[in-house]
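**Q** Return atomic coordinates for the entry below.
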Amino acid sequence: MKIILLQDVKNLGKNGDIKEVSEGYARNFLFVKKLAEIATNSGLKKVDVIKKKQVEKEQLDLEKTQELAARLEGSAIMILVKEKNGKLFGSIHAKDIVKELKKENIIIPTKAIILKNPIKEVGDYEVKIELEHNIEAIISVSVESAN
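**A** The predicted model follows:
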């Protein structure tokens, strides 16, 4: 029996996929839990429209991510910290860099910032940012004394 998935189903497929399953599985599990419907002509047309919208949305999302990466690439931020003899009182983590970027109206998730180790000394650092769609950007982080 041909069905159209209405939601993601583990080990079967994603929302909008058209699958061939046994009648018992479809009637006793998928239809009862409203995870799928019978593949009719109108249903197939509806799936095509949904798929086209998803492709357009993904393309728009990719373009926005590329614009963000272009904005980030080569940009520099400065973080003022308390220090003594070049050593910081504490350390700078990804969340601190996110907070500084937010001040410049650049909003990225904390997990996108790749720091091997927290920054513990005054100086200039190159920080890699991994965005969605495997797009990367490198920013310069300058850690300076606030004393």
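**Q** Counting by contacts, list what the biggest helix by length in the chain packs against.
**A** Taking DSSP state H as the criterion, the chain has its longest helix at helix 41-72. The elements that helix 41-72 packs onto, with contact taken as 3 or more C-beta pairs under 8 Å, 6 or more residues apart in numbering; DSSP states H and E, are strand 2-5, strand 136-145. (Glycine included, C-beta is placed from N, CA and C.)
**Q** Okay, now the sheet partners of the shortest one, with direction.
**A** Think strand 2-5. When pairing is defined by DSSP bridges, strand 2-5 lines up against strand 18-20 (antiparallel), strand 36-38 (antiparallel).
**Q** circling back to that earlier point, just the buried positions in the longest helix of the chain, please.
**A** Residues of helix 41-72 classed as buried by neighbour count (16 or more other C-beta atoms under 10 Å): 43, 47, 65, 68, 69, 72.
**Q** how does this protein divide into domains?
**A** Here the domain assignment for the chain is 2-63, 69-145, based on automatic domain parsing.
**Q** re earlier: save the helices and strands packed on helix 41-72 as JSON lines, and put in distance to residue 94 too.
**A** Output for the helices and strands packed on helix 41-72, formatted as JSON lines (distance: least, C-beta to C-beta, whole Å):
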{"stretch": "strand 2-5", "distance to residue 94": "37"}
{"stretch": "strand 136-145", "distance to residue 94": "11"}
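**Q** Backbone torsions only: list them for the residue nearest the centre of the chain.
**A** By C-alpha atoms, centre = their mean, the mean C-alpha position of the chain lies nearest to residue 132, the distance being 4.5 Å. Per-residue torsions, residue 132: phi -60, psi 160 (degrees, to the nearest 10).
**Q** isn't it right up against residue 63?
**A** No. Under the criterion of C-beta atoms under 8 Å, residue 132 makes no contact with residue 63, lying 11.7 Å away.
**Q** what touches both of these two?
**A** Counting by C-beta atoms under 8 Å, 6 or more residues apart in numbering, residue 132 and residue 63 have no common neighbour.
**Q** Check the gap between the closest residue in space to residue 136 that isn't next to it in sequence and residue 106 for me.
**A** Nearest residue to residue 136, sequence neighbours excluded (C-beta to C-beta, 6 or more residues apart in numbering): residue 130, at 5.4 Å. In this view, residue 130 and residue 106 are 15 Å apart by C-beta to C-beta, to the nearest Å.
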